[in-house]
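Q: Structural data only, the sequence is not supplied:
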DNA sequence: ACTGTCATGAAAAGATTTTTTCAGTGTGCG
DNA sequence: CGCACACTGAAAAAATCTTTTCATGACAGT
């Protein structure tokens, strides 16, 4: 198929000789700022080219398209090909894992999640959160649900090394009130709440907010109800070819935040890490001697 | 004007919270393969998203556009900007994060880690481990180090739902001997040990092996000393543009294993999950009544 | 100068898209 | 349990787009 395999631009060029004056004028207009100029309606492009709509129809038919909609469909395909992202190409690790193996299907899904999440993620939000987390005057409280508790713990463990005034709220909600009691205005509550949103977390968020704490939420594309209360929200794509949701991309953002915070105050952090290193060493010695 | 200055994508994201179910569905569809998916007619995109055309009209008006044509005009402008800008063309998916932003550098690193890890990963190993984990007669013991403890917990939490006979060893090594005491031949000890290898884990692995347990290790490219004792090893690429190692790919493999195990015994798992669902419901009730 | 052919756009006709209306459905709340 | 309210899509109405028809004018050949 001539039309199918060649680009619209090619087709226009190859037919240029047989075009009439008005058609050439139209073709010029189309080629100028190609392919975007062909995105609008037939009326629009006719006006832009200074020709009548019938001229447009006649030309695209002369080029071999069924009609204007057909012509435009081809153009759309081309635009898609032009701007579709390189990550989408699945030619990478095909080597030793057959296409249908779960590892491959998972990898595809995760890359897709990553791409979509990053596309929808405002770097300003990320930077703001990093700045907030870097502020050592603010106390940090981490909390997660049944599944996401591990993510909260992971985040907490790192932040605890990097800076003081961090706390991990246990999964058991009975201990939460005492934390809320101690919250000061400006403190940060970092919540992980994904799918199966847990009602208790909304209550916690409300209480924390009333204490003046700021709330940062990691949630999924459907957004936890607690989102309304949040200062900043990370909406992460969590879909996997599985009965379970994927936390991979959430962890990705957590790690990026850890690095951003660490980086913003490296000098202080370095000292802390050295001291910590020494403490671990001592603990080890205790054990050996003990 | 809000609408004029922000990208359509931004506008969708910022309004996401106030969108209804069908509208969210539509927004997802639009964002997926953005912005090409919004190039067609209102009918087309409604069909693609599985919603009605009135929903589309209502949403774009909610977003602040005068109507669908207005919405599409903005999209066209954006496509134009994207295509005519050669830098943006290069990496569309990261276009709203400048090239050197940490998110982008992290994403590159993670994708690289993933590729390398998968290249070096034998699917036979993966399948064997999945089979071992699926065997309900074997007791499962999970353990991790200071940082990787959260990964062990994540894995454990899921496996506990899927099958019986699972245990999470606390980070505190003093409780380990009693677990080892109860290990039977054929039991599985799943160890996470990355960089900063913890000597205690080697001792644990040795003791467990003497009890006849099989050992599965998640480690990094330099391999934990406990690897020698393991029946199966996952060597994960963990390098990140950070002072810290990345656990993202490790989590990826864990999730893939969870799915593989779950999948291999779906019928049994389904029953367990239903029962569990009921128990959670009851717990919630307890709390309300209590 | 006459005639036939072709190019062109105005306008009508036809097709499709966009918007509005409205009734059914479900959900939350008292 | 029932009411009020919001959400949703089917269908009608309105608007717009696409195609066809047709009249006009330009031009080449006779």
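A: Arrived safely, thanks for sending. Please read all numbers here as calculations on a predicted model, not as lab measurements. Residues are numbered from 1 along each chain as shown, chains lettered A, B, ... in the order given.
Q: going forward, measure contacts and count neighbours with C-alpha atoms only.
A: Noted.
Q: So for the helix or strand in which residue A:13 is found, what gets flagged as buried?
A: Element membership of residue A:13 [criterion: DSSP states H and E] is helix A:8-15. Neighbour counts over helix A:8-15 (16 or more other CA atoms under 10 Å in any protein chain shown) mark A:8, A:11-12 as buried.
Q: Could you provide those residues in JSON lines, with additional columns for pLDDT and distance to residue A:238?
A: Converted to JSON lines, the buried residues of helix A:8-15 look like this (pLDDT from 0 to 100; distance: CA to CA, whole Å):
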{"residue": "A:8", "pLDDT": "82", "distance to residue A:238": "38"}
{"residue": "A:11", "pLDDT": "84", "distance to residue A:238": "43"}
{"residue": "A:12", "pLDDT": "84", "distance to residue A:238": "44"}
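Q: re earlier: contact partners of the helix holding residue A:13?
A: A:3, A:27, A:31, A:34, A:63, A:74-75 (CA atoms under 8 Å, 6 or more residues apart in numbering or on different chains).
Q: close to chain B, is the very next helix or strand once past it?
A: Following helix A:8-15 in sequence order, the next helix or strand is helix A:21-31 (DSSP H and E). No. Counting by CA under 8 Å from any CA of the partner chain, chain B is not contacted by helix A:21-31; separation bottoms out at 13.2 Å.
Q: how about whichever helix or strand comes after helix A:21-31, does it reach DNA strand D?
A: Next along the chain after helix A:21-31, taking DSSP H and E as the criterion, comes helix A:42-49. Yes. Legend: contact between helix A:42-49 and DNA strand D by CA under 7 Å from any atom of the strand is shown at A:42-44.
Q: For the residue in the stretch 101-250 of chain A positioned nearest to chain B, give me its contacts.
A: Nearest residue of the stretch 101-250 of chain A to chain B, counting by CA to the nearest CA: residue A:150, 4.9 Å away. Contacts for residue A:150 (CA under 8 Å, 6+ apart) come out as A:144, B:150-151, B:153-154.
Q: Apply 10 Å and report the result again.
A: A:143-144, A:156, A:171, A:192, A:247, B:149-155, B:157 (CA atoms under 10 Å, 6 or more residues apart in numbering or on different chains).
Q: now the residues of helix A:42-49 next to DNA strand D in TSV, with neighbour count?
A: Putting the residues of helix A:42-49 next to DNA strand D into TSV (neighbours: other CA atoms under 10 Å in any protein chain shown) gives the following:
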residue	neighbour count
A:42	19
A:43	13
A:44	14
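Q: filter these by proximity to DNA strand C?
A: Within these, nothing lies near DNA strand C by CA under 7 Å from any atom of the strand.
Q: closest to chain B among these?
A: residue A:44 (11.4 Å).
Q: Can you pull out the low-pLDDT segments for the stretch 51-200 of chain A?
A: Along the stretch 51-200 of chain A, segments meeting pLDDT under 70 span A:81-100.
Q: Could you check how far the closest residue to DNA strand C within the stretch 151-290 of chain A is from DNA strand D?
A: Here the residue of the stretch 151-290 of chain A nearest DNA strand C is residue A:225; by CA to the nearest atom of the strand that distance is 11.3 Å. For residue A:225, the distance to DNA strand D (CA to the nearest atom of the strand, to the nearest Å) stands at 14 Å.
Q: Leaving out sequence neighbours, find the closest residue to that residue.
A: residue A:202 (7.0 Å; CA to CA, 6 or more residues apart in numbering or on different chains).
Q: how about residue A:218, phi and psi?
A: phi -100, psi 120 (degrees, to the nearest 10).
Q: Tell me the bridge partners for it.
A: Using DSSP bridges, the bridge partners assigned to residue A:218 are residue A:192, residue A:234.
Q: Chain A: helices as residue ranges?
A: Secondary structure of chain A by DSSP state H: the helices cover A:2-5, A:8-15, A:21-31, A:42-49, A:53-62, A:68-83, A:102-119, A:123-134, A:149-162, A:176-182, A:199-210, A:248-264, A:266-289.
Q: Tell me, how many residues neighbour the closest residue to residue A:19 other than its chain neighbours?
A: In space, and not counting its chain neighbours, residue A:19 is closest to residue A:59: 7.6 Å by CA to CA, 6+ apart. Here the number of neighbours of residue A:59 (other CA atoms under 10 Å in any protein chain shown) works out to 23.
Q: Quick check: the gap between residue A:59 and residue A:48.
A: 15 Å (CA to CA, to the nearest Å).
Q: that older thread, could you redo the residues of helix A:42-49 next to DNA strand D as CSV and give each row distance to chain B and pLDDT?
A: Formatted as CSV, the residues of helix A:42-49 next to DNA strand D follow (distance: CA to the nearest CA, whole Å; pLDDT from 0 to 100):
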residue, distance to chain B, pLDDT
A:42, 13, 91
A:43, 13, 88
A:44, 11, 87
